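*Asks:* need a 3D model of the following:
(one chain, ligands or ions: 2)
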Amino acid sequence: MTHHDADSRPSLVAPIQLVGEKSATLDGETLDELPVEERTIEVVCSTGDRYTDRWKGVPFFELLETEAATTASFPPETTHFLVESEDGQRGCIAIEDTFDALLAFGRNGQPLPEAAGYTSRFVAPDVLGPRTVKNVASIEGKKLDPGEDPESYERLLEMEGTDDESEDTAEVEPT
Ligand SMILES: Nc1nc2c(c(=O)[nH]1)N[C@H]1C(S)=C(S)[C@@H](COP(=O)(O)O)O[C@H]1N2
Ligand SMILES: [Mo]
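*Replies:* Ligands and ions are numbered 1, 2, ... in the order given. Purely as a prediction, here's the structure:
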């Protein structure tokens with residue numbers, strides 16, 4: 001697979017910031033030129049709810065090969081990536097968990113804006129639901145010290161689901 005099908009073309013609201021020793025911008029046009037893959041990934045919420053979908057998007061490691069990534073210059077011994085959304089959801093992802101990750105733009109054959117109401121989603125097989133950040137705004141490479149707790153870098157909002165209508169409503173299925 002080389003180029004985007006109609007259902008996976010990135011339609012970013014804003015470019016993604018790559019942050020390392022410097023910072024650089026990854027725009028929609030650049031993303032559009034990157035290879036696309038489709039993967040079946042199970043997302044598991046902290047409530048125990050799990051669901052499996054077919055995600056389509058740019059492999060995470062491809063983002064690291066871009067000129068923007070070179071400019072951002074992630075630390076040579078990066079251990080984690082902080083993936084943050086426009087609304088401040090921030091997951092701290094171990095580098096080994098990013099190898100199979102996608103920056104997804106489509107789900108089950110539909111573009112995300114139509115399917116789900118957001119434009120991008122970080123998804124990976126071994127990453128828990130709360131860390132599958134929607135509307136990715138920035139990706140920061142970090143070298144954590146061995147004693148550091150990755151969770152201390154995180155900000156996980158709305159652990160029980162993300163629909164506007166679902167907040168604090170017991171009857172709504174948690175996602
Ligand atoms: N930007 C953003 N991404 C987010 C969240 C959020 O609040 N904001 N919630 C997370 C949580 S807790 C879960 S379980 C999933 C829910 O995804 P779903 O809407 O596909 O069920 O999105 C994750 N991604
Ligand atoms: Mo969740």
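
*Asks:* just how off-centre is the helix or strand of the chain with the lowest mean pLDDT within its chain?
*Replies:* In the chain, the helix or strand scored least confidently by mean pLDDT, DSSP states H and E is helix 28-33, which has a mean of 90. Offset of helix 28-33 from its chain centre (CA atoms, centre = their mean, to the nearest Å): 16 Å.

*Asks:* list the buried ones in it?
*Replies:* Buried positions in helix 28-33, judged by neighbour count with 16 or more other CB atoms under 10 Å: G28, T30, L31, D32. Quick note: C-beta positions are derived from backbone N, CA and C, even for glycine.

*Asks:* stretch 37-52 now?
*Replies:* Result for stretch 37-52 [16+ other CB under 10 Å]: buried residues E38, R39, I41, V43, V44, C45.

*Asks:* can you give me the end-to-end span of that stretch?
*Replies:* End-to-end distance of stretch 37-52 (CA to CA, to the nearest Å): 16 Å.

*Asks:* next one: that stretch to chain centre, how far?
*Replies:* The mean C-alpha position of stretch 37-52 is separated from the chain mean by 13 Å, CA atoms, centre = their mean.

*Asks:* that one close to ligand 2?
*Replies:* Yes: against ligand 2, stretch 37-52 shows contacts by CB under 5 Å from the ion at C45.

*Asks:* do a quick rundown of the strands in this structure.
*Replies:* 16-19, 23-26, 37-44, 50-59, 80-85, 90-94, 102-107, 110-111, 121-123, 136-142 (DSSP state E).

*Asks:* so which of those is nearest G129?
*Replies:* Closest to G129 of the strands of the chain is strand 37-44 (CB to CB; 5.0 Å).

*Asks:* who's in contact with the closest one?
*Replies:* With CB atoms under 8 Å, 6 or more residues apart in numbering as the test, strand 37-44 has contacts from 1, 8, 50-59, 100, 102, 123-125, 128-129, 132.

*Asks:* buried ones from these, can you make that a ChimeraX selection?
*Replies:* Here is the ChimeraX command that selects the buried residues among these (16+ other CB under 10 Å):
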select :8,53,55,56,57,58,59,100,102,123,124,129,132
